[in-house]
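> Using only what follows, build the 3D model:
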Amino acid sequence: MKPLITLLAFLTLFSPAFSQQPAPAASQLDIYSNETEARLLKRVAADSTVDLFELMLASDNFSGGALTLEVCRQKPDVFLAQNSLNGQATAKEIKKLFKKIHDAFLVKYEDNPAFSQLFSNGIYNCATATALYALLLDRMGIPYAIHEAPTHVYMVVAPYTHRVIFETTAPGMMIMQANDKMKTEYLEYLLKNKLITREEMQQNKDEVFNKYFYPDKEIRLRQLAGIIYHNAAVTAAQKEDHITAYKNFEKAYILYPEEKYRYLASGFLAIQINNVMKADQDKRLQLYQRYAEIGDKEQGNKSMLAFLDEERETMLFKSPDLLKYQQLYAAARLLVRDSATAVELRHDHYKDMARYYYLMKFPDTCLLYLDSAYALYPNDLLTKENYTVALLDMLQTIDSMPKIIDTIRYFSARLPFIEKNRNVQEYNIESLARHTYALLAYKEDYKDGLKYYKQLEAVLRKWPEFARKHQDRLVELTGKLAGYYVRQEKYKEAQQFLRTALEVFPGDEDILYRLQHVDKMVSKGK
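Numbering: from 1, shown residues only. All right, here's what the predicted structure looks like:
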């Protein structure tokens, strides 16, 4: 199968550059490291409040042991009990507080440490250290603003009064160098998603790229938690662990829902899709659906439908397993959210299920599925043709002529293409003629015979070529019914009947002969 997209071996990772977006829907894929992380991130995706301290501990698969959540909380609790400040603190007190926090918690800087390491061995970077400062300042009631620069995170404490800057000396945003191809691909992505204009695309590439990738902006603690996941994703990408990179970018996107993270998550998801082509069907469906949600919607949906086409061909025709296919289809129906894709999915399902039951010699069930397919795409010529063939096959399984006639009349009334189909209507004419003849010749049931003859006459008016083709047989029926009227001495009825028949069979000598005789009887007042 053709890969969804082609990606650079490493994508360039920077700080987000767009306005805050609504929280994205949580992925149905298993992207979580542990139950705590799953619970908290799903609450974030549902726009609920969560304990960010607990979430950042869970972000590195923190699983307790001697370093439990309670133990990690204890150290900040002890520090706060010994160092009490509030929103009225002076600039001098705030500066002292910075040093106290640094001395109490921060031991050694490293690139991308786990948040929990602050409480085990004091290893930190500016993202985890800033998160710690923010958590402590929140509890003290001291206002602050977190700032995100292209390669760094820092905070301004008491931003409306003293503006004391808290920052660690080493950079804390994990980055990789963007090459020219990456810049072009990203700007094309922005243009496709209508996030930049075509006029901007014509400007200096580096300037436009920098504008959208390199802001210095204020963020919240939740977004900072997203940056911690971002850093973990970059580290995984550098190790070519694309699955872990994808999962962490997904989690970064949940916490920091901006186009930049969405783009990165979708890119590594595409790599995962291309590397997991032999995974189980449910997993593949989820991968395609998520790519349609956060990546290229059109390409993701097309790839999902193409995958389902292949699986349906295998499960229904090459190695039939109807139950397995039905389970796959049910899973796909639950996953697909795009309305147009859902319609196409249903149409393809109905079409192939109809084909399956046709091959299994169940034309009536085949027609049920074709009926559903036709309702979705009434102009599909192939569906109409398959419908016609299946209907003709089903008619041959009916052993009652009245049922055949009623069935054709029912489908002709419902479906214009059946009413206009030559093969079906010739079958209809032959059935009406045979049944009418049987009623008149063998049962002498002229009441029912006349009823079916009138139906036959109505069809023949629409298909005069069939009237000529079967003229001898049909004229014989006309003669039998005319004779019935004459025997009943209902000459005027016979006269009108023959005149009407002459419109269907103009110039027929037998009908003209009978009509001349009846006209004489009517002229005599009989």
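> Could you use CA atoms for every contact and neighbour count after this?
Noted.
> Between the two ends of stretch 460-473, how far is it?
Start to finish, the residues bounding stretch 460-473 are 13 Å apart (C-alpha to C-alpha, to the nearest Å).
> Please identify the buried residues of that stretch?
Leu460, Trp463, Phe466, Ala467 (16 or more other C-alpha atoms under 10 Å).
> go on, stretch 160-167?
Buried residues in stretch 160-167 (16+ other C-alpha under 10 Å): Val164, Ile165, Phe166, Glu167.
> Find the helix or strand that the closest residue to the last one other than its chain neighbours is a member of.
This means Glu167. Of all residues not flanking Glu167 in the chain, Tyr154 sits nearest, at 4.8 Å (C-alpha to C-alpha, 6 or more residues apart in numbering). For Tyr154, the host element (DSSP states H and E) is strand 152-157.
> which residues sit against that strand?
For strand 152-157, the external contacting residues (C-alpha atoms under 8 Å, 6 or more residues apart in numbering) are 94, 126-127, 130, 142-148, 163-168, 171-173.
> Which strands border it, and is each parallel or antiparallel?
Strand 152-157 pairs in its sheet with strand 144-149 (antiparallel), strand 164-166 (antiparallel), by DSSP bridges.
> Asn193: which of the ones you listed is closest?
Nearest to Asn193 among the strands paired with strand 152-157 is strand 144-149 (24.4 Å), distances taken as C-alpha to C-alpha.
> average model confidence for the closest one?
Strand 144-149 carries an average pLDDT of 89.
> continuing past the helix ranked longest in the chain, what's the next helix or strand?
Using DSSP state H, we find that the single longest helix of the chain is helix 339-359. The helix or strand immediately downstream of helix 339-359 is helix 363-376, counting by DSSP H and E.
> Check which residues of that next one are buried.
Buried-residue list, helix 363-376, by 16+ other C-alpha under 10 Å: Pro363, Asp364, Thr365, Cys366, Leu367, Tyr369, Leu370, Asp371, Ser372, Ala373, Tyr374.
> in terms of contact, does the last one touch Asn386 like I think?
No - under the criterion of C-alpha atoms under 8 Å, Tyr374 makes no contact with Asn386, lying 10.3 Å away.
> CA atoms only for the strand holding Tyr154, dumped as CSV, please.
The C-alpha coordinates for strand 152-157 follow below in CSV (Å, rounded to 0.1, in the frame of the first residue of the first chain):
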residue,chain,number,x,y,z
HIS,A,152,13.7,28.2,26.5
VAL,A,153,11.1,28.5,29.2
TYR,A,154,11.3,31.1,32.0
MET,A,155,8.9,32.9,34.3
VAL,A,156,8.2,36.4,35.4
VAL,A,157,7.1,36.6,39.1
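> pull the helix or strand with minimum mean pLDDT from the protein.
One helix or strand of the chain scores below all others by mean pLDDT, DSSP states H and E: helix 205-213, with a mean of 72.
> measure Val157 to Arg434 for me?
For Val157, the distance to Arg434 - C-alpha to C-alpha - is 97 Å.
> coming back round to it: how far does the strand holding Tyr154 sit from its chain's centre?
Distance of strand 152-157 from its chain centroid, counting by C-alpha atoms, centre = their mean, to the nearest Å, is 41 Å.
> Stretch 145-153 now?
37 Å.
> Do me a favour and get the end-to-end distance for it?
End-to-end for stretch 145-153, by C-alpha to C-alpha: 11 Å.
> Stretch 273-292 now?
The first and final residues of stretch 273-292 sit 12 Å from each other (C-alpha to C-alpha).
> Looking at the buried residues of stretch 460-473, which one is closest to Ala265?
Trp463 (62.7 Å).
> And the pLDDT at the closest one?
pLDDT, Trp463: 90.
> now it: how far from Leu450?
Here the criterion is C-alpha to C-alpha. By it, Trp463 lies 20 Å from Leu450.
> next one: Ala331
Separation of Ala331 from Leu450 (C-alpha to C-alpha) stands at 55 Å.
> go on, Arg333?
Counting by C-alpha to C-alpha, the gap from Arg333 to Leu450 is 52 Å.
> Which SSE is immediately downstream of the least confident helix or strand of the chain?
Next helix or strand after helix 205-213 toward the C-terminus (DSSP H and E): strand 217-219.
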